[in-house]
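Asker: show me the folded form of this:
(one chain, ligands or ions: 3)
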Amino acid sequence: MTDGCWYDADIDRVIITEAQIREKTAELAKQVSADYASVEDGLLLVCVLKGAVMFMADFARALGRHGPAAELEFMAVSSYGQGTTSSGVVRILKDLDRDIAGRHVIVVEDIVDSGLTLSWLLRYLASRKATSVEVVTLLRKPEAVKVSIPVKYVGFDIPNEFVVGYGLDFAERYRELPYVGVLKPEVYARP
Ligand code: 5GP
Ligand code: MG
Ligand code: MG
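Answerer: Ligands and ions are numbered 1, 2, ... in the order given. As a prediction, the model looks like this:
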């Protein structure tokens, strides 16, 4: 843990350290690079905002060391749902800027929880006629899965707890933390 940051006082415990994230991201990038070595028109990375923004930035840079070339795209979706759970009913807040027909797409996700959002997104991308669609996610909660989806690249399986940091928020806060952790219970009780 970094010493002396304001947010350390709110964290109950760190689940994944900054060093673990760095090491795993490099590993995932190497795997993706090897699997797509022969694609000719490069990869299209689709980041699902906002949670995946840190992972997208680091994963894209790690992939850049090995190739193939990648284009970076961003989507924003909202799943209607109460508080910390998602419902699977998804609304597009920001769509892709370009046509993905005929492209090899990799969805870059922060976390696969119930899988409902991702399952919707994969159907959407398939309907836009991508040649292939795979998913790389930093985190997955195996115990929370409601729909089983094929996630080819997984960083870490974590317990079924609400986590923050490295892009993941609680009420739009804590995204800037360099690690993934669990908040102290009293943080949720604050007005
Ligand atoms: P799902 O549809 O798989 O249940 O989750 C969709 C989104 O909910 C994730 O991409 C993520 O943004 C958010 N989410 C799921 N689990 C967590 C968590 O433990 N912490 C935070 N901060 N967000 C989560
Ligand atoms: Mg996400
Ligand atoms: Mg959130």
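
Asker: can you list the residues of this protein near ligand 2?
Answerer: With CB under 5 Å from the ion as the criterion, the chain meets ligand 2 at residues 48, 51, 109-110. All C-beta atoms are positioned from the backbone trio N, CA, C, and that covers glycine.

Asker: out of these, which are close to ligand 1?
Answerer: By CB under 6 Å from any ligand atom, the members of those lying near ligand 1 are 51, 110.

Asker: what is the nearest of the residues of the chain next to ligand 2 to ligand 1?
Answerer: Taking CB to the nearest ligand atom as the measure, residue 51 is the one of the residues of the chain next to ligand 2 closest to ligand 1, at 3.7 Å.

Asker: check contacts around the closest one.
Answerer: For residue 51, the contact set (CB atoms under 8 Å, 6 or more residues apart in numbering) comprises 109-111, 167-169, 175.

Asker: ok, back up a step: among the residues of the chain next to ligand 2, which ones are in strands?
Answerer: Judged by DSSP state E, strands contain the following of the residues of the chain next to ligand 2: 48, 109-110.

Asker: and the residues you listed, which are buried?
Answerer: Buried members of these, counted by 16 or more other CB atoms under 10 Å: 48, 109-110.

Asker: residues contacting residue 153?
Answerer: Contacts for residue 153 (CB under 8 Å, 6+ apart) come out as 28, 31-32, 134-137.

Asker: now do the top helix by length along the chain: which elements does it pack against?
Answerer: Secondary structure of the chain read by DSSP state H shows that its longest helix is helix 18-35. Packed against helix 18-35 by the contact rule (3 or more CB pairs under 8 Å, 6 or more residues apart in numbering; DSSP states H and E) you find helix 53-64, strand 132-140, strand 153-157.

Asker: can you give me the buried ones in that helix?
Answerer: Neighbour-count burial for helix 18-35, with 16+ other CB under 10 Å as criterion, is recorded at 18, 21, 24-26, 28-29, 32-33.

Asker: understood, closing this out.
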